[in-house]
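Novice: what's the 3D shape of this:
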Amino acid sequence: MVNLKSLIIVFFGFLGLSVYSKVDAHNGRLASDGCHNQKATGERHCHDNPASESKKKIIKKTNKINNDVVVIDSCYDGDTCKTTSGEKIRLACIDTPELRGPRADLEPAKAARDFLNSYVAGEEVSIRRITKDRYERTVAELAKDGLNIQKLMVSKGYAKIYKKYADPCPWASNFSGNISADVESSPIENSLSCPNFVLAGGKKYCI
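Specialist: Below you'll find the model as predicted:
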């Protein structure tokens, strides 16, 4: 019985010493970040403390269609331009003759490019961003002074409506090709006897 009492006393003695050591090590004094130095080891020890957690900035991603204003640097062809900030833009819902590749048609392709450059290069235009294509270009509609540039390209015969990808442009489903009421043009430029044509070197090319 005596030995049992002795063991109990020794056990509680060690237990009390352990608790005392922990209290002494913490000493109730924590830095503002919830940390303290352990006396026994000299190591820095931190407790769970909201103040010690770094605040994370939450960035919300959105696929919202944007309406903005950009300045066009130049246009590579009749349906691809680049802004002064380096953004590459594929004009939505229209298609123009190719400058390169197996489907290249140089005369009308150059005419479409030159017309587009004459109208928007160096100019501030409104942009309605729709999506990105597989080449990471921004697919968008452009407008200058309230005039839709895609509609202008089609009305002048420099472009066709790209029916396969025309859904993002509501106007494309029933556009007659005539915007003479929206833009002033010379009689030859406004001729629609050939619904899709380009003017190059004083000649008219049907496309």
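
Novice: Residue 171 and residue 154, how far apart?
Specialist: Relative to residue 154, residue 171 is positioned 10 Å away (Cβ to Cβ, to the nearest Å). C-betas here are computed from N, CA, C, even on glycine.

Novice: Which of the two has more residues huddled nearby?
Specialist: residue 154 (27 against 14; other Cβ atoms under 10 Å).

Novice: So that one: helix, strand or coil?
Specialist: helix (DSSP: H, G, I helix; E, B strand; the rest coil).

Novice: and if you look at the one 10 residues further on?
Specialist: Under the three-state scheme (three-state DSSP), residue 164 adopts helix.

Novice: and the gap between it and residue 95?
Specialist: In this view, residue 164 and residue 95 are 9 Å apart by Cβ to Cβ.

Novice: Identify the single longest strand in this protein, thanks.
Specialist: Longest strand in the chain by number of residues (criterion: DSSP state E): strand 67-77.

Novice: Name every strand pairing with that strand and say which way it goes.
Specialist: Here strand 67-77 is paired, per DSSP bridges, with strand 80-83 (antiparallel), strand 124-132 (antiparallel).

Novice: With mean pLDDT and mean neighbour count added, can I get these in JSON lines?
Specialist: JSON lines is the format used below for these (pLDDT from 0 to 100; neighbours: other Cβ atoms under 10 Å):
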{"stretch": "strand 80-83", "mean pLDDT": "98", "mean neighbour count": "20"}
{"stretch": "strand 124-132", "mean pLDDT": "96", "mean neighbour count": "17"}
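
Novice: Could you find the closest non-adjacent residue to residue 109?
Specialist: Distance criterion Cβ to Cβ, 6 or more residues apart in numbering; nearest residue to residue 109, sequence neighbours excluded, is residue 97 at 4.0 Å.

Novice: Check residue 83 too.
Specialist: residue 70 (4.5 Å).

Novice: Just list whatever residues bridge to that neighbour.
Specialist: residue 125.

Novice: How about the contacts made by it?
Specialist: Contact partners of residue 70, counting by Cβ atoms under 8 Å, 6 or more residues apart in numbering, are 83, 84, 85, 87, 89, 124, 125, 127.

Novice: So for the second one, what's the pLDDT?
Specialist: When you say that, I think you mean residue 84. pLDDT recorded at residue 84 is 97.

Novice: Might you report the residue contacts of it?
Specialist: For residue 84, counting by Cβ under 8 Å, 6+ apart, the contacting residues are 70, 71, 72, 73.

Novice: how about these in TSV, adding pLDDT and distance to residue 37?
Specialist: TSV is the format used below for the contacts of residue 84 (pLDDT from 0 to 100; distance: Cβ to Cβ, whole Å):
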residue	pLDDT	distance to residue 37
70	97	57
71	97	59
72	98	62
73	98	60
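
Novice: So which of those residues wins on neighbours?
Specialist: residue 72 (24 neighbours).

Novice: Please settle this for me: is residue 122 part of a helix?
Specialist: No - secondary structure of residue 122, determined by three-state DSSP: coil, with no helix assignment.

Novice: Next, count neighbours for the residue lying closest to residue 155 once chain neighbours are set aside.
Specialist: Closest residue to residue 155 apart from its sequence neighbours, by Cβ to Cβ, 6+ apart: residue 179 at 4.6 Å. Neighbour count for residue 179, taken as other Cβ under 10 Å: 17.
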